[in-house]
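Peer 1: okay, here's the prediction I keep looking at, along with the sequence it came from:
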There are 4 protein chains.
Amino acid sequence: MPKIGMEPLRRRALIDAAISAIGERGSLDVTMSDIAGRGGGTPALAHHYFGAKEDLLFSAMRHILAELGRDLREAVAGLSGAARISAIIEVNFSPKQFRPEIIAAWLAFYVEAQRSPSLRRLLRIYARRLNSNLLFALRPLMPAAEAARTAEGIAALVDGLYIRHALKDGAPDAASAIALVEDYLALRLGGSRHA
Amino acid sequence: MPKIGMEPLRRRALIDAAISAIGERGSLDVTMSDIAGRGGGTPALAHHYFGAKEDLLFSAMRHILAELGRDLREAVAGLSGAARISAIIEVNFSPKQFRPEIIAAWLAFYVEAQRSPSLRRLLRIYARRLNSNLLFALRPLMPAAEAARTAEGIAALVDGLYIRHALKDGAPDAASAIALVEDYLALRLGGSRHA
Amino acid sequence: MPKIGMEPLRRRALIDAAISAIGERGSLDVTMSDIAGRGGGTPALAHHYFGAKEDLLFSAMRHILAELGRDLREAVAGLSGAARISAIIEVNFSPKQFRPEIIAAWLAFYVEAQRSPSLRRLLRIYARRLNSNLLFALRPLMPAAEAARTAEGIAALVDGLYIRHALKDGAPDAASAIALVEDYLALRLGGSRHA
Amino acid sequence: MPKIGMEPLRRRALIDAAISAIGERGSLDVTMSDIAGRGGGTPALAHHYFGAKEDLLFSAMRHILAELGRDLREAVAGLSGAARISAIIEVNFSPKQFRPEIIAAWLAFYVEAQRSPSLRRLLRIYARRLNSNLLFALRPLMPAAEAARTAEGIAALVDGLYIRHALKDGAPDAASAIALVEDYLALRLGGSRHA
DNA sequence: AATGAATGAGCCTTCATTCAT
DNA sequence: AATGAATGAAGGCTCATTCAT
């Protein structure tokens, strides 16, 4: 019995289903049937709402990024300097983000982005925003050139720790991941003082 | 015109073709037809030599790792301490390894490894070997605990820089990648003195 | 033009098509394409309804057995003793069952049953039921041991006549087949009196 | 190192391999590769000696029939009347013939004969010869019409018992099979006396 | 005599997508 | 709004067969 206002609910359910399917399978080659099944619908319904598989996957990635963006905004609100950077780091490894499911989906989208211009654009926008965020907090603490390098280092470390945890069994170890990045930050801050 | 002793040549050609196809497509979902075509054969021939697609892809990954392993061994021969570590870093970003094709294949295999136990095993063996290598060189320079952490940081940075370059257009920038990791190493070495 | 409620119709059409194809070819190695074509569909449709070729073939055999079972039940209703046995014999050689198409399919399934546990189970269930039926009617007419032997003899004769008719051209000769088995029965009945 | 006079040995080895493969698989759809492997050769070699798969299979069936024919001739030599018939029956269920392997191959060839005219011809020739043999022995014992019917009954029983044993697990029970056919014969003989 | 090399043809199966209901 | 029905297209894989050596 079709109800009014079902559209956003359906879309959301399908997106969640897609992320769950991708996370579980560890790659984007999940079937529309599988996704639709998890979302309590049929493949035809998924097409009805998203047009094509590619669009659904794109929406799923956008959803993941949006969630992360929201978490980041909330976490850094009112903070500046080193505290702000620490907050950014912590969000990336928060229980909500640093889950096997999200890690796997993230990685899968990264791979797919090499082929899909729209996905690549999406990921780049996020990367740029993260970079801005880091730079904004780092600039008062060190010279511009070093700030840029530090931002790049932090981002690379975060990505590297994500990919490395994708291969490990069991729950990812957020604490040591955070410690590693914080250490890097501390060295940079300490090092710049002595430079 | 069938000739004798073709097996090693064919196998090599097919492996190269697979890497090339994967690198170009940015993912493992290439067809046997495509691979075989690039390798100058037919899909049936590829099956003849490798049994199944999975085996061919596995062999391709093993080949990439073997090449990297050989390069590493040659690079570190006779070196120790910081020089040894620098050599390891440089090899990872050498023109032969840090190519779009190899970067993309690497990433694709990383993703697939989440599903394929045999691939995961392969990648883990390599990761462990790299870790041993780094630890061996770091141990004389710092306390054991910090050496472990440093090795993990270097490895994460390398992986992170690989994945980040997968999203960039054009030729990857090896120089700045190396600089970033070397910086990290230098900080760790300097920092340990002051700790 | 897809209509609703097609499933039972399609399934039936495909099963009939399978039996027809198998009967014509004289073996189970018919293609899904052939079956689907006869059934007015595509191979994909056949998979949609049956999952896999094996399942379709299994369903076809089950259908043949179900039809035979129904015919048998109707034929023996209310009969007992020799009349019941005669009815059983006649059903096996009735125009509906003793057709080249069905004979060939039967034989093909018999062969396949050596490899397929599920098919073997199916055929065994039928064989056991036929045996029970025969025994039930024979027991009042002769000692238990001889009843068992007679049942086995009748079953073997029926199977033997089926297989022998598979090799003959033209329409199978039901009348003489029935006469042969009835003769055997008469001898057993008469013979037991003199034993 | 190719030797002179290898041809008959190779052919025989390949035929044995074919029978073994067919018997084990329970059907004719064995691969040339499998057969050749068992026979200690390559598929190309099998083609070299037999031309095509069909020819090899045909030769295998002919070999089985020839062996059976030889056994029969030896068994009936010097015998006549009921003893001759008993001998024929016993040969059919002798340890050499009534083996799972041979039973399965026999059945598989029976099925294939529906499609292959040459195989059908082969089997028919054998059937006719068996019939002649039985008739020759039966004629002195009963009227022509009944002799014909008895011969057909015996043949049907034998075939039926073969096919029924194909479905059973474990070693076939020759003793009870022989008893069943002998019983039938005895009934016919006894019955004709009282007719 | 014997085989490694190679392939064309074919089959089962999957899946995104469309369409009528 | 939602779905059962249906399919075209494509892919992995097998295998009998051929050919040069």
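Peer 2: Right, received. Where do you want to start?
Peer 1: what's the pLDDT at A:Pro172?
Peer 2: As predicted, A:Pro172 sits at a pLDDT of 84.
Peer 1: how far away is it from A:Pro143?
Peer 2: 34 Å (CB to CB, to the nearest Å). No exception for glycine: its C-beta is placed from N, CA and C like everyone else's.
Peer 1: between the two, which is the more surrounded one?
Peer 2: A:Pro172 (20 against 12; other CB atoms under 10 Å in any protein chain shown).
Peer 1: go ahead and confirm that one touches A:Arg164.
Peer 2: No: taking contacts as CB atoms under 8 Å, A:Pro172 lies outside contact range of A:Arg164: 9.3 Å.
Peer 1: mean confidence for the host helix or strand of A:Ala17?
Peer 2: Element membership for A:Ala17 (DSSP states H and E) is helix A:6-25. Taken as a whole, helix A:6-25 carries a mean pLDDT of 94.
Peer 1: quick one: is the next helix or strand after that helix near chain B?
Peer 2: Next helix or strand after helix A:6-25 toward the C-terminus (DSSP H and E): helix A:32-38. No: for helix A:32-38, no contact with chain B is found by CB under 8 Å from any CB of the partner chain; the gap never falls below 14.3 Å.
Peer 1: how about stretch A:106-119?
Peer 2: Yes: with CB under 8 Å from any CB as the measure, stretch A:106-119 is seen reaching chain B through A:Leu107, A:Ala108, A:Tyr110, A:Val111, A:Glu112, A:Ala113, A:Gln114, A:Arg115.
Peer 1: so how far is A:Ala21 from the spatially most central residue of chain A?
Peer 2: Of all residues in chain A, the one closest to the mean position by CA atoms, centre = their mean is A:Leu65, 5.2 Å from it. Taking CB to CB as the measure, A:Leu65 and A:Ala21 are separated by 18 Å.
Peer 1: and the lowest-mean-pLDDT helix or strand in chain A with helix B:174-194, angle?
Peer 2: Across the helices and strands of chain A, the lowest-confidence element by mean pLDDT, DSSP states H and E is helix A:174-194, at a mean of 86. Going by axes from the mean of the first three to the mean of the last three CA atoms, to 10 degrees, helix A:174-194 is angled at 90 degrees with respect to helix B:174-194.
Peer 1: can I get helix A:174-194 in CSV, CA atoms only?
Peer 2: Taking C-alpha atoms only, helix A:174-194 is exported to CSV below (Å, rounded to 0.1, in the frame of the first residue of the first chain):
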residue,chain,number,x,y,z
ALA,A,174,41.1,3.5,16.4
ALA,A,175,43.2,4.4,19.5
SER,A,176,46.6,3.6,18.0
ALA,A,177,45.6,5.1,14.7
ILE,A,178,44.8,8.4,16.4
ALA,A,179,47.9,8.2,18.5
LEU,A,180,50.0,7.8,15.3
VAL,A,181,48.6,10.9,13.6
GLU,A,182,48.7,12.9,16.8
ASP,A,183,52.3,12.0,17.2
TYR,A,184,53.0,13.2,13.7
LEU,A,185,51.2,16.4,14.5
ALA,A,186,53.2,16.9,17.7
LEU,A,187,56.5,16.3,16.0
ARG,A,188,55.6,18.8,13.4
LEU,A,189,54.6,21.4,16.0
GLY,A,190,57.6,20.6,18.1
GLY,A,191,59.9,20.4,15.1
SER,A,192,58.7,23.8,13.8
ARG,A,193,59.6,25.4,17.1
HIS,A,194,63.2,24.2,16.8
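Peer 1: now do the buried residues in it.
Peer 2: Within helix A:174-194, the residues that count as buried by 16 or more other CB atoms under 10 Å in any protein chain shown are A:174, A:177-178, A:180-185, A:187-189, A:191.
Peer 1: which of those residues sit farthest apart?
Peer 2: A:Ala174 and A:Gly191 (25.4 Å; CB to CB).
Peer 1: hmm, back to that, the residue nearest to the centre of chain A contacts A:Arg124, doesn't it?
Peer 2: No: between A:Leu65 and A:Arg124 there is no contact under CB under 8 Å: 10.9 Å.
Peer 1: who in chain A is up against DNA strand F?
Peer 2: A:Pro2, A:Lys3, A:Met6, A:Glu7, A:Arg10, A:Gly41, A:Thr42, A:Pro43, A:Ala44, A:Leu45, A:His48 (CB under 7 Å from any atom of the strand).
Peer 1: please pick the buried ones from those residues.
Peer 2: By neighbour count, with 16+ other CB under 10 Å, the residues of chain A next to DNA strand F hold A:Arg10, A:Gly41 as buried.
Peer 1: and A:Arg128, helix, strand or coil?
Peer 2: helix (DSSP: H, G, I helix; E, B strand; the rest coil).
Peer 1: what's around the closest residue to A:Arg129 other than its chain neighbours, how many residues?
Peer 2: Once flanking residues are discounted, A:Arg129 sits nearest to A:Gly69: 7.1 Å by CB to CB, 6 or more residues apart in numbering or on different chains. Neighbourhood size, A:Gly69 [other CB under 10 Å]: 16.
Peer 1: and the pLDDT at A:Gly69?
Peer 2: Note on A:Gly69: pLDDT of 95.
Peer 1: need the next SSE after the helix or strand encompassing it, C-terminal direction.
Peer 2: Using DSSP H and E, A:Gly69 maps to helix A:53-76. The helix or strand immediately downstream of helix A:53-76 is helix A:81-92, counting by DSSP H and E.
Peer 1: any idea of the angle that following helix forms with helix A:53-76?
Peer 2: Using the same axes, to 10 degrees: helix A:81-92 against helix A:53-76 is 140 degrees.
Peer 1: who's in contact with helix A:81-92?
Peer 2: Helix A:81-92 is contacted by residues A:68, A:71-72, A:75-76, A:79, A:97-98, A:130, A:133-134, A:136-138, A:140-141, A:154, A:158, A:178, A:181-182, A:185, A:189 when judged by CB atoms under 8 Å, 6 or more residues apart in numbering or on different chains.
Peer 1: and that helix, C-alpha only, in PDB?
Peer 2: Extracted C-alpha coordinates of helix A:81-92, given in PDB (Å, rounded to 0.1, in the frame of the first residue of the first chain):
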ATOM      1  CA  GLY A  81      44.800  25.600  16.600                       C
ATOM      2  CA  ALA A  82      46.000  22.200  17.700                       C
ATOM      3  CA  ALA A  83      42.700  21.400  19.400                       C
ATOM      4  CA  ARG A  84      40.900  21.900  16.100                       C
ATOM      5  CA  ILE A  85      43.300  19.600  14.300                       C
ATOM      6  CA  SER A  86      43.000  17.000  17.000                       C
ATOM      7  CA  ALA A  87      39.200  17.100  16.700                       C
ATOM      8  CA  ILE A  88      39.500  16.600  12.900                       C
ATOM      9  CA  ILE A  89      41.700  13.600  13.500                       C
ATOM     10  CA  GLU A  90      39.400  12.100  16.100                       C
ATOM     11  CA  VAL A  91      36.400  12.400  13.900                       C
ATOM     12  CA  ASN A  92      38.000  10.400  11.200                       C
END
